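Peer 1: Prediction below, plus the sequence it came from.
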Amino acid sequence: MNNTGEEKVLAREITVPAGDRKMWAFGALLIIFGLYYLEYRNYLQYGQISLLGTGMDTVILGLWVWKVLWKYELILYPSRLVVIGRGIGLSTHCEIDLTRAESFTDKYVKSFFRKTKIRHYLHKNSAVDPNPQRLLCFTEGKKNKLAGLIFKCSDEFLKELHKVLPGKFLQLTEGVPK
């Protein structure tokens, strides 16, 4: 802590969209609008609104907004990791106490972690961020249930996390952190 009583920021990172990923996201948005257009054509042809079709299109659009328009900021302190999400005029705040961290890894592999007893996952990543998905496992609640934070960060940020949590790193790929 410094003189003002604030913790020192060890690393900070904000989602940076990649150009090629933005193009893929725009293409997906065009497909979603195409689905809405098909629903509209069916309405004109048959005079009935398909609630199921329109509802599914809306769910897909909501997922697109969540994975593309939301941006995340990671702030690493000596004792906690803060993830701030911002998008469409809203903001979310997630804080992980690093004293409760069980492990973290340089790559999230769904098939590998499906076999663990992780209760639920917090998805705090953007689809347009080119960084790989990482996973931080931690305990939460009075019963110390295992949870996982899926996020995207650079190798430099991961190295700083490795300094804060030595001995809790699970290496699933080559070359990150030493």
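Peer 2: Ah, there it is.
Peer 1: Show the backbone phi and psi for residue 48.
Peer 2: Taking degrees, to the nearest 10, you get phi -130, psi 140 for the backbone angles of residue 48.
Peer 1: can you count the residues close to it?
Peer 2: 8 (other Cβ atoms under 10 Å). C-beta coordinates here come from the backbone N, C-alpha and C atoms, glycine included.
Peer 1: For it, which non-adjacent residue is closest in space?
Peer 2: Taking Cβ to Cβ, 6 or more residues apart in numbering, and ignoring the residues beside it in sequence, residue 48 has residue 42 as its nearest neighbour in space, at 7.8 Å.
Peer 1: pLDDT on whatever helix or strand that neighbour lives in, on average?
Peer 2: Per DSSP states H and E, residue 42 falls inside helix 19-46. Averaging pLDDT along helix 19-46 gives 94.
Peer 1: Which positions within it qualify as buried?
Peer 2: 25, 28, 32, 35, 39 (16 or more other Cβ atoms under 10 Å).
Peer 1: elements contacting the helix or strand following it?
Peer 2: Next in sequence after helix 19-46, counting helices and strands by DSSP H and E, comes helix 51-64. Using 3 or more Cβ pairs under 8 Å, 6 or more residues apart in numbering; DSSP states H and E, the elements in contact with helix 51-64 are helix 19-46.
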